[in-house]
Each structure stands twice: as C-alpha cells, then as structure tokens.
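Peer 1: let's see this in three dimensions:
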Amino acid sequence: MAKARTAIRVLIADDHAIFREGLRKLLEAEADITVVGEAKSGSECVALAEKLKPDIVLLDLKMPEKDGLAVLGDLAGKESATKVVVLTASEDERDFVEAVRRGARGIVLKQAPSEHLVDGIRRVHTGEVWIDQRVTAGVLKAMAEGPAATTTREKPLLTDRERQVVHLVCQGLRNKEIADKLFISEQTVKNHLHNIFDKLGVSDRLELALYALHHRLVQTE
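Peer 2: Next up, the predicted model:
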C-alpha cells in the first residue's frame, strides 16, 4: 500500500523485539503512518528521537537503562515538535499522572484494540490529547488531589459558545487560533476559558482536555 505524501512519522520504543515487530506491521499497514525507527532502551529512544525527529514517539514506560518517565523528561527539555504517546501495560494511575505531567500527549493501554492506538496516533498528531477512557477518571482524580481539590458538585452547564471553546482546546488550538475560528477576540476567548475553568474546577488546558474526554463533552470516536 502506498504511503500518504505527508505520512505520520513514528518511532517505536519498547524493549520487546516481538512486540516491536508486531507494532511495526500494524502501523505500516496504514496508508498515512510510517515507522522511521525502533528503540529497545530509553537511552536509544532519546538518541533516535533527536536524530530522526519523528512526529510521534510510541513509548513504553518500563524500559531498560532509562525508564519511560525519564525519557519524557529528556524529550521535554529539547526544542522539538515530537509528541509522545505512552503505550503501556501498566495499570498504576501514578504512572499515568506523572507521564501527563512530563508532557505525554496520549496514553494507550497495550490491551486496547489496535484501532484505538491508530486513532490515538492520528489525533495526537493533529494536536489533541488522547487518553484511554479506562484511565481518564483515575488521572483526573489523582491530578485533582491536593489543596486545589474541590468538593463534588452537580455537573455544570456550559453555554454553547463555551462548548465550542472546549472542543477547539481539545483539538490543540491556542487562544488566537480559537479566536480566529469563532470570529471573536482573543480576550473573549480568555474570558470564556476563565469561566470554563471555574465551572469545571480545572486549572489548565490539559486538565480541561482530560475532563472533556472523561465526561464526553467532546466526541472521541
């Protein structure tokens, strides 16, 4: 099958050779995805990401030499457009929260259907946040713990305009881009976000995206 002219360039980082081979075959079957490299350790992943500059790194958290969280820290410190999707068998919510805090734009469980992984790669590539629905509740709960946590309340009612803003935030658009899309001023976007954050009890755009995914404020499938 011929690859699309602007195929998504993916680097696979996992220490199991058989898993990497299966993943490569799965992704290479997609017309718009190409695998540009494979890493079997965290150190090799960082080196290859710097050399190949892939669009997406598929990263296992449990890696030799340097684990996935350390790799995320290294990649976050580099000037790069590469986005990271964590592909893991872990069920530890602390791992997911830390991965998100270190810059992961997606989390997919290894036991998820293959079409979820492919869809997640495409969505993260366009700027969205993609978190497996089975872990979003735990991630939100863990991120909300602490002094800023709010008490449980009724699900807030967003206006139609606020829902439009949430949808565009989840697509990865910045304030100016949202303003242009909705034909409003950038200050008006900021005002909407202030109201949305207050209503939903979130503190930043990432928490907003996670909340929207978990509560189905935006369509994910």
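
Peer 1: domains of this protein?
Peer 2: 8-143, 150-214 (automatic domain parsing).

Peer 1: pick the most deeply packed of those domains.
Peer 2: domain 8-143 (a mean of 18; mean count of other Cβ atoms under 10 Å). Glycine gets a C-beta too; all of them are placed from N, C-alpha and C.

Peer 1: downstream of the longest helix along the chain, the next helix or strand is which one?
Peer 2: In the chain, with assignment by DSSP state H, the single longest helix is helix 186-200. Sequence order places helix 205-214 as the next helix or strand after helix 186-200, per DSSP states H and E.

Peer 1: centre of the chain to that following helix, how far?
Peer 2: 11 Å (Cα atoms, centre = their mean, to the nearest Å).

Peer 1: repeat for stretch 102-110
Peer 2: 5 Å.

Peer 1: strands of this protein, start to end?
Peer 2: 8-13, 33-39, 56-59, 83-88, 106-109, 130-131 (DSSP state E).

Peer 1: could those strands be laid out in a markdown table, adding distance to residue 189?
Peer 2: Shown next, in a markdown table, are the strands of the chain (distance: least, Cβ to Cβ, whole Å):
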| stretch | distance to residue 189 |
| --- | --- |
| strand 8-13 | 29 |
| strand 33-39 | 33 |
| strand 56-59 | 28 |
| strand 83-88 | 23 |
| strand 106-109 | 25 |
| strand 130-131 | 23 |
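
Peer 1: turn those into CSV, including mean pLDDT.
Peer 2: Listed next are the strands of the chain as CSV, based on pLDDT from 0 to 100:
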stretch, mean pLDDT
strand 8-13, 97
strand 33-39, 97
strand 56-59, 97
strand 83-88, 93
strand 106-109, 91
strand 130-131, 84
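
Peer 1: residue 200: which of those is closest?
Peer 2: For residue 200, the closest of these is strand 130-131, at 16.0 Å, according to Cβ to Cβ.

Peer 1: can you find the helix or strand in this structure with the smallest mean pLDDT?
Peer 2: helix 133-144 (a mean of 70; mean pLDDT, DSSP states H and E).

Peer 1: residue 97 is in contact with residue 139, correct?
Peer 2: Yes: if you go by Cβ atoms under 8 Å, residue 139 and residue 97 touch, sitting 5.6 Å apart.

Peer 1: flag the shaky bits of the chain, pLDDT-wise.
Peer 2: 1-5, 137, 140-156, 214, 218-221 (pLDDT under 70).

Peer 1: list the contacts for the residue nearest to residue 188 when sequence neighbours are not counted?
Peer 2: Spatially, and ignoring its direct neighbours in sequence, residue 188 is nearest to residue 179 (7.0 Å; Cβ to Cβ, 6 or more residues apart in numbering). Residue 179 sits next to 185, 186, 188, 189 when contact means Cβ atoms under 8 Å, 6 or more residues apart in numbering.
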